[in-house]
Structure formats: C-alpha cells, structure tokens
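Participant: Pasted the sequence and its predicted model underneath.
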Amino acid sequence: MIESDDLIDPVLNVPVFSLYGQTRVPDKRMLDPIDILIIDLQDVGTRVYTFIHTMSYCLEAAKKFGKKVIVLDRPNPINGCMIEGNLLVSECASFVGRYPIPMRHGLTIGELSVLFNSDYGIGCDLDVIPMLGWKRDMFFMDTGLPWIPPSPNMPSPVSAMVYPGQVLWEGTNISEGRGTTLPFEIFGAPFFNTKRLLSTLGGNRLPGATLRPAAFEPTFNKWSGSRCNGFQIHVTDPYEFKPYITTLKLLQAVIFHHNQMFQWKHPPYEYEFKRLPIDLIIGDKDIRQRIENLDEISAIEKSWLKNLEAFAETSRKFHLYT
C-alpha cells in the first residue's frame, strides 16, 4: 500500500496515470485520450500477484468506455503445466483475488485475460498477441530471456518459483524476507527454533527443495533491524517442488512450535480494512482454520482436488500453447 502518483513522462510529455494510487480502476479521464489500451505486464503465475487483477479492472473499464484492449503475452515463469492450491471462494474476493482460480493457476497473462473476459462476463473487445517459441513446460530459465523484475521484491525467477507458497507469510508476523536480497526465498523470525521446526518436518529435505537454516536481519519491513532465525528455500527440482503445499507445512509447523509468539497479521492489507489478510491470501478462511486446528495438510489438500481438476478442465480451452 505504498502508492504511486500520476505524473507527466519527462521524455514523451504524455500523462502517466497510476493504478496503484488514488484508484486501482481506470476511469473515463484516463481512457479518453486513447484508442487502444495495450497491456504488457510480466505476471508471476500466482493468484495473489495484483498485476492480473489490475488487468481485469482494465478490461472492465475498456468495456464500459468502449475501448479495445490488446494484451501482449509473456511467459508464465513457473510454467504452464502445473497448477496447485484451492480455488478462491467469493467471500474472500479482494484486490489479491477476484475470481475462483487456484493459487498457482498455470496460465499466461494472455490466457488469463481471455478466461476473465469470456468466463467471468467482462466481454470487452480483446485481442491477445501470442508469444513465439514458448512451451507450457518451460520455467523462465528455459526461455533464454533476461529476467526484468516486475516489482522490487520479485528480483529473480527463483523468487517467482517459491512465491505461490511463501506469499502466505505476508499474512503473519513472520518475515517473508522483505528487507533482504532474497525476498520469499528467505523467511523467519527472532523466535524461530529451526531444529524444532525441522524435527516436525522430518528433516531439511522436502520434495523438490532443501531448507538451509539461516540467520538474517531485515533492513525494512517486519523485524527490521532484528536478527531473525529461519531458512532459505533452495529449489532442487522445480518439477517436483510444490510451493503452496510446502509453505502450508512450514506454516503449520510454526503454529505448532511457536503458538505463543506466532500471530496472524491484522488489516489493513491491499486496501482491505476488516478481513484477515491471511484469509484473502489463502482465499478460503475454512482452510486457514483447518491449518490452525493442525489438520493433516494432505487431508486439506484432498479437499480441494475436485475443484482444482474442474479448473484445469475449464482452463484448457483457453490454452494458446502446447
């Protein structure tokens, strides 16, 4: 919620309108000077990354004000084959989740735009310019393209790879590594007992990843200036690694061992001032309650598989790539 102001581009002398300031939704004043709205954004493949929801607001505004939209497609950096997590329920809809899609959605931003426009009733005049050479099983490192951070705390493709799970720490008093050079790869808090946590997890080797105990001191955000004990996640096999399930297990271990110190973060969070941030991030408060109750993560996962399979079937009709 650190906002950006409107400005005049110093080179082109044209207005630049912020969609993370006074409003998240384009208005008539912004769209009046243009004929076609071109959307060129690097998504990271995770439901709570706000770029895709900003895009959906743009599609709605284009429909309202009679403008055409062209989406320039870009790779899903965590591939277009693997999907993971529960679908968002309507009571948890917010700026970090508007539609019933899973945490890891497996679509490109162009494919998502068509899904939103067709299945969720936006109905604007939309074209997608597809990529050349991208395959669904590619991670970003397979593309040969340079990684340009789409936001300050997404500095590398590895950040994007762990993000579908590690973003959950944003809804807690645990540092998700903001204020370090490895946001989302590193996490922890001053009260972490890494040996106890590893004992619950069965050691430091998880499917597709290794946990390396680490100490760090964030320069800003949570626990700024304090020594935190925690871990760095090293992804060893991206095809075996399940980021959402991995962090759910980590989160539950922290609740089990540190229930006196652990806290859910209170609002505000991304322009929501009443509901718990973790409910908006997970997208279903019942799942949050089951994690608190220490239900088996495998049982929680089974509860959403039917809906996840239905989403996979629906989303295939919007695939632009093999």
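Facilitator: Now that the structure is in, tell me what you want to look at. Residues are numbered from 1 along each chain as shown.

Participant: Assign the residue nearest to residue 19 when sequence neighbours are not counted to helix, strand or coil.
Facilitator: Nearest non-adjacent residue to residue 19, counting by CB to CB, 6 or more residues apart in numbering: residue 54, 5.4 Å away. Where you see a C-beta, it was placed from the backbone N, CA and C, and this is true even at glycine. Put simply, residue 54 is helix when judged by DSSP: H, G, I helix; E, B strand; the rest coil.

Participant: Neighbours of residue 54, how many?
Facilitator: Using other CB atoms under 10 Å, residue 54 has 18 other residues around it.

Participant: can you pull the pLDDT of it?
Facilitator: On the pLDDT scale, residue 54 is placed at 97.

Participant: Report the contact partners of it.
Facilitator: Residue 54 makes contact with 19, 20, 24, 41, according to CB atoms under 8 Å, 6 or more residues apart in numbering.

Participant: tell me the contacts of the last one?
Facilitator: So the one you mean is residue 41. For residue 41, the contact set (CB under 8 Å, 6+ apart) comprises 51, 54, 55, 74, 109, 150.

Participant: ditto for residue 265
Facilitator: Contacts of residue 265 (CB under 8 Å, 6+ apart): 170, 171, 172, 173, 276, 277, 278.

Participant: Could you measure from it over to residue 221?
Facilitator: 12 Å (CB to CB, to the nearest Å).

Participant: Same question for residue 114.
Facilitator: 36 Å.

Participant: Compare the two (neighbour count), which wins?
Facilitator: Between residue 114 and residue 221, counted using other CB under 10 Å, the more crowded position is residue 114 (20 against 15).

Participant: tell me the SS of that one?
Facilitator: At residue 114 the chain is in helix, as set by three-state DSSP.

Participant: Which residue comes closest to it once chain neighbours are left out?
Facilitator: Once flanking residues are discounted, residue 114 sits nearest to residue 318: 5.0 Å by CB to CB, 6+ apart.

Participant: wait, the one you found sits on residue 116?
Facilitator: No: contact between residue 318 and residue 116 fails when scored by CB atoms under 8 Å: they sit 9.6 Å apart.

Participant: Compare these two (neighbour count), which wins?
Facilitator: Set residue 318 next to residue 116 and count neighbours by other CB under 10 Å: residue 116 wins out with 23 against 19.

Participant: how far away is the closest residue in space to the more buried one that isn't next to it in sequence from residue 26?
Facilitator: Using CB to CB, 6+ apart and skipping the chain neighbours, the partner closest in space to residue 116 is residue 56 (5.0 Å). Per CB to CB, residue 56 is found 11 Å from residue 26.

Participant: between those two, what contacts are shared?
Facilitator: Joint contacts of residue 56 and residue 26 (CB under 8 Å, 6+ apart) do not exist.

Participant: So, low pLDDT: which residues of the stretch 1-150 of the chain?
Facilitator: The stretch 1-150 of the chain contains no residues with pLDDT under 70.

Participant: rewinding a little: now, the most widely separated pair of the contacts of residue 41?
Facilitator: Across those, the longest distance by CB to CB is 14.6 Å; it joins 54 and 74.

Participant: Name the residues that touch the longest helix anywhere in the chain?
Facilitator: Assignment by DSSP state H gives helix 297-316 as the longest helix of the chain. The contact list for helix 297-316 (CB under 8 Å, 6+ apart) reads 83-87, 100-102, 105-107, 111, 115, 119, 245, 248-249, 252, 287, 290-291.

Participant: mean confidence score for it?
Facilitator: Mean pLDDT, computed over helix 297-316, is 98.

Participant: Please name the nearest non-neighbouring residue to residue 48.
Facilitator: The shortest distance from residue 48 to any non-neighbouring residue, by CB to CB, 6+ apart, is to residue 96 (4.2 Å).

Participant: Got phi/psi on the one you found?
Facilitator: Backbone torsions of residue 96, given as degrees, to the nearest 10, read phi -100, psi 20.

Participant: and what of residue 234?
Facilitator: Main-chain torsions, residue 234, degrees, to the nearest 10: phi -110, psi 110.

Participant: does the closest residue to it other than its chain neighbours sit in a helix, a strand or a coil?
Facilitator: Spatial nearest neighbour of residue 234, chain neighbours left out: residue 210 (4.6 Å); criterion: CB to CB, 6+ apart. In three-state terms, and counting by three-state DSSP, residue 210 is strand.

Participant: tally of neighbours for residue 210?
Facilitator: When neighbours are counted by other CB under 10 Å, residue 210 registers 14.

Participant: thinking it is in contact with residue 204, fair?
Facilitator: Yes: the criterion here is CB under 8 Å, and residue 210 meets it with residue 204 at 5.8 Å.

Participant: quick one, strands of the protein?
Facilitator: Secondary structure of the chain (DSSP state E): strands located at 7-8, 15-16, 36-39, 68-72, 84-87, 102-104, 125-129, 186-189, 205-206, 209-216, 228-235.

Participant: Quick one: those as TSV, columns for distance to residue 158 too.
Facilitator: TSV is the format used below for the strands of the chain (distance: least, CB to CB, whole Å):
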stretch	distance to residue 158
strand 7-8	32
strand 15-16	31
strand 36-39	26
strand 68-72	25
strand 84-87	17
strand 102-104	15
strand 125-129	28
strand 186-189	11
strand 205-206	15
strand 209-216	11
strand 228-235	6
